[in-house]
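Chemist: sequence and computational prediction follow.
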Amino acid sequence: DQEQIFKVVSLANDLLAKVLMIRKNELDGVFDELKSDTSFDEPGSHDIAQRNNVTPKQRNTIRPQARHLNTEILCQTVALGWARSDPKIAADAAHYARSILELLEDICTRREQLDNMSTRRKKVSFDSNDVTPSIMLYNHVLSCYSRSLDPDAETRAKMLLERMIESRGTFSRPDTFSYNNMLNLYANKGDVSAAEALLKQMEQSNDVSCDVYSYSIAMNAFQKRFTTSGPHNRNMEDTERAEELLSRLVVKYEKSGLRDGKLRPTNVTFGTIISMYAQADRVMKIDNRDYGNRTRRWKANKIAMNVHDKTNVGWGATNAE
């Protein structure tokens, strides 16, 4: 029940907010002491403490239970909950997940600054590893954006991905899952051009590689555009272009000597293409009855041509080229 999931995740988010404020308040207390002792410049931080009217006395109040929690894993868990929530019910899921990430980044940055001051290391009850955002947390936030109905979701997701790409320090750089989340965002919007461009960027990148899900998501973008377009806007080449993506995937898998499991096509991968051709037959019959038989003949001729073409290296090599 999605309503129940939303309630549980919301409750978990409230509890996590309290844990993060405990971490932040503890750091605020240490920096208050530093300010009174030296001319130390405190690093920039979010204004959450001001919004919550936290007093210096409250900042020094640390609950013992919080010292035994892995803060980053708690953040991951709640962000994953938001990513799995129905965007129609949890309309602000991406906002909450991003807020968790940003606050944890702030806490991590300030904790690392204390690490560089050896005399102050014992002043806090947690180390940097406990509050360092992992790549999984970033990916959960991107996943929220990929499913969000917010019109600004794409812009915010791009900003986060760019920030990850430019990261050179503590915070994570994007991996295949990060890019796949962006592909999924474009697929959900039916933005085929953006999905194709990002997939090519991944294929040409030295830092990240495509996997079977990258190609499957891009194929889904073609499928969604084909099935949702009206009879006068439908691009009948979408089925062939989706099959070309499958061919590129198969060729990559063949070149790996059939050893790279990340590139091995699945039943879902092949099923997407089969489904598209079935939908093509159906919608073309609706658009124009004469197109139905013509589609089947085209497919029959295409299959026969591929079977008798002895120059093919692998069944998908011709389309891939």
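Modeler: Great, that's in hand. Numbers count the residues shown, from 1 in each chain.

Chemist: ok, Ser146 - contacts?
Modeler: 153, 157, 181-182, 184-185, 188 (CB atoms under 8 Å, 6 or more residues apart in numbering). C-beta coordinates here come from the backbone N, C-alpha and C atoms, glycine included.

Chemist: looking at those residues, which is nearest Lys24?
Modeler: Ala157 (25.9 Å; CB to CB).

Chemist: ok, the closest one touching Leu183?
Modeler: No - with contact defined as CB atoms under 8 Å, Ala157 does not count as touching Leu183 (11.0 Å).

Chemist: who are the packing partners of the longest helix seen in the chain?
Modeler: When the chain is parsed with DSSP state H, its longest helix is helix 2-37. In terms of contacts (3 or more CB pairs under 8 Å, 6 or more residues apart in numbering; DSSP states H and E), helix 2-37 is packed against helix 48-51, helix 56-59, helix 71-84, helix 93-115.

Chemist: mind putting these in TSV, mean pLDDT included?
Modeler: Below are the helices and strands packed on helix 2-37 laid out as TSV (pLDDT from 0 to 100):
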stretch	mean pLDDT
helix 48-51	35
helix 56-59	42
helix 71-84	96
helix 93-115	93
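
Chemist: among those helices, which comes closest to Leu161?
Modeler: helix 93-115 (12.6 Å).

Chemist: buried ones in that closest one?
Modeler: 93-101, 103-114 (16 or more other CB atoms under 10 Å).

Chemist: cool, stretch 220-231 as well?
Modeler: Here stretch 220-231 shows 220-227 as buried, counting by 16+ other CB under 10 Å.

Chemist: stretch 148-157 now?
Modeler: Residues of stretch 148-157 classed as buried by neighbour count (16+ other CB under 10 Å): 148, 150, 153-154, 156-157.

Chemist: what's that stretch in contact with?
Modeler: Defining contact as CB under 8 Å, 6+ apart, one finds that stretch 148-157 is touched by 87-88, 91, 93-95, 98, 142, 145-146, 181-182, 185, 189.

Chemist: for Asp86, which non-adjacent residue is closest in space?
Modeler: Excluding the flanking residues, the one nearest Asp86 by CB to CB, 6 or more residues apart in numbering is Gln2, at 4.1 Å.

Chemist: show the contacting residues for that neighbour.
Modeler: Contacts of Gln2 by CB under 8 Å, 6+ apart are 85-86, 89.

Chemist: ok, and the most crowded of the residues you listed?
Modeler: Using other CB atoms under 10 Å as the neighbour test, those are led by Ser85, with 23 neighbours.

Chemist: quick check: the gap between that one and Ser99.
Modeler: 15 Å (CB to CB, to the nearest Å).

Chemist: now do Glu166
Modeler: 21 Å.

Chemist: low-confidence regions, the stretch 101-250 of the chain specifically.
Modeler: 118-122, 231 (pLDDT under 70).

Chemist: can you map out the helices along it?
Modeler: 135-147, 153-166, 176-189, 192-204, 212-228, 238-255 (DSSP state H, counting those that start in this stretch).

Chemist: as CSV, those helices with distance to Thr272 would be great.
Modeler: Formatted as CSV, these follow (distance: least, CB to CB, whole Å):
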stretch, distance to Thr272
helix 135-147, 18
helix 153-166, 23
helix 176-189, 11
helix 192-204, 13
helix 212-228, 5
helix 238-255, 7
